[in-house]
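Visitor: Here is my input, please return the structure:
(one chain, ligands or ions: 1)
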Amino acid sequence: MGQLNRRALLRQLQKLGVASRAELAKALGMSQPTAGKIVDELIAMDVLEEVADCSDRNGKTEGASQLGRPGRKLRLNESRPKFIGIQLGLHTTTLAGLTLGFANEDKWPVSFELPASEPNPAKLWEKKLRLAAKSLGEGDFLGVVLSVPGLVDETSNRILFSPNIHWTAKTHLAEIAGRVWNAPVLMVQEERALALGHYLADPSCDDFLLVDFGEGVGGAIIVEGKPLYNPLPISGEIGHTPVPGNIRSCGCGAIGCMETLISLRGLLESFAAAVPGAQNTWSSLHDYIAQNGVRPWLAQSLDPVAAAIAGSLNVLGLRRVVITGSLTELPPVVMQYLSHAVQNGAMWARFGKVECIAAPRRRNAGMVAVGIDRFLMPDEKKQPARN
Ligand SMILES: [Zn+2]
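Guide: Next up is the predicted model:
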């Protein structure tokens, strides 16, 4: 019971940003002494802190409390990093010390590269991780949250298959990170972290498909504020939808996956083929689209994305897709085109509203949510194992 109340209180505070003891008690339907006792425990654990200022997370400042004195409010500890966050990318690994408070923007102050030709990537990764740990400095860390791409078994902390970073499936990354920090490690699938971060930023948006575009293309599904349960450790792999007529080889072993057309590399490859002589960089692609709009070669890559998204919305019974990553950095005409094409394919749009929302990546926030859930409230044994 205590653990359940504590979980509910932390969830509520994640949503509200800051709140008084009385507000928390009211929102949770607890007595003030019960809420106060949990709050005191969590302050003693350094999980919550008291603040005199009444700014909420959007920077708005509320007036003095109803009693006419400055209200002492509570928030998740933002003064000191409590988790180490690691994000594994195709070549770049980024790191940050993460506080328990909500981060509306991702910040990765430390990063390092692994060359594609490295013969022993696991060994070099550990070596560079140790150096990165020194740059992040000492701290009173509760654990390490490791965000990784691919098919992830979050209960056993293992990557089962990574289409774009094959070596990681043969390496126990969590064990390496655990050795470096001498702390417990949680592995989280990277799009799932993004989806949880988006939900924290906008708790009113509690049913959606998130699709992230970057080195690869992946998705995650949130239903009633939680990752959708599915029996296999595979979910949201929208990037590996086959596109008829596409003959590019994908890292997953198949030919013609949508990801090969719309990932950073895929788009640049199509750009180079369609516009010979153009500088093959992301910024020149950006400028080209700003001047020329969505030309047929680009539409050919966006149409299958929209079809896969619309198909997913139809199958899952969702009416909202959140787009993060590289596509949102291109001129707005790209999102407009995509949104229009999604509406065309989504059945719900015939008589209801279908939303296609561009949003920033909030992976830090999602990783903290996972860390709070699994390091600070490790129970819920009744629930099935989530992948
Ligand atoms: Zn594929």
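Visitor: ok, Asp153 to the ion distance?
Guide: 19 Å (Cβ to the ion, to the nearest Å). From N, CA and C alone the C-beta is placed, and that goes for glycine too.
Visitor: give me the element the most centrally placed residue in the chain is part of.
Guide: The centre of the chain sits closest to Leu194, judged by Cα atoms, centre = their mean, with a distance of 1.4 Å. Here Leu194 sits within helix 190-201, counting by DSSP states H and E.
Visitor: Quick check: next helix or strand after that helix?
Guide: Using DSSP H and E, the helix or strand that follows helix 190-201 towards the C-terminus is strand 208-213.
Visitor: quick one: that following strand to helix 190-201, angle?
Guide: 130 degrees (axes from the mean of the first three to the mean of the last three Cα atoms, to 10 degrees).
Visitor: Please work out how many residues are found near the nearest residue to Ala96 once chain neighbours are set aside.
Guide: In space, and not counting its chain neighbours, Ala96 is closest to Gly85: 4.7 Å by Cβ to Cβ, 6 or more residues apart in numbering. Using other Cβ atoms under 10 Å, Gly85 is surrounded by 28 other residues.
Visitor: and stretch 327-344, what's its mean pLDDT?
Guide: Averaged over stretch 327-344, pLDDT sits at 98.
Visitor: next one: stretch 161-179
Guide: 92.
Visitor: list the buried ones in stretch 134-148?
Guide: 136, 141-148 (16 or more other Cβ atoms under 10 Å).
Visitor: scratch that, stretch 16-26
Guide: 16-21, 23-25.
Visitor: Go through these and flag which are in strands.
Guide: Among the buried residues of stretch 16-26, DSSP state E puts 18-19 in strands.
Visitor: number of nearby residues for the residue in the stretch 1-150 of the chain that the ion sits nearest to?
Guide: Relative to the ion, the nearest point of the stretch 1-150 of the chain is Gly150 (11.3 Å; Cβ to the ion). Gly150 is flanked by 23 other residues according to other Cβ under 10 Å.
Visitor: With the one 3 residues further on instead?
Guide: Using other Cβ under 10 Å as the criterion, Asp153 is surrounded by 14 other residues.
Visitor: just Asn120 next, same as before
Guide: Counted with other Cβ under 10 Å, Asn120 comes out at 10.
Visitor: hang on, the earlier thing: in terms of secondary structure, what does the helix or strand harbouring the residue nearest to Ala96 contact?
Guide: In the assignment (DSSP H and E), Gly85 maps to strand 83-88. Here strand 83-88 touches strand 92-98, helix 121-136, strand 143-148, helix 173-181, helix 363-371, going by 3 or more Cβ pairs under 8 Å, 6 or more residues apart in numbering; DSSP states H and E.
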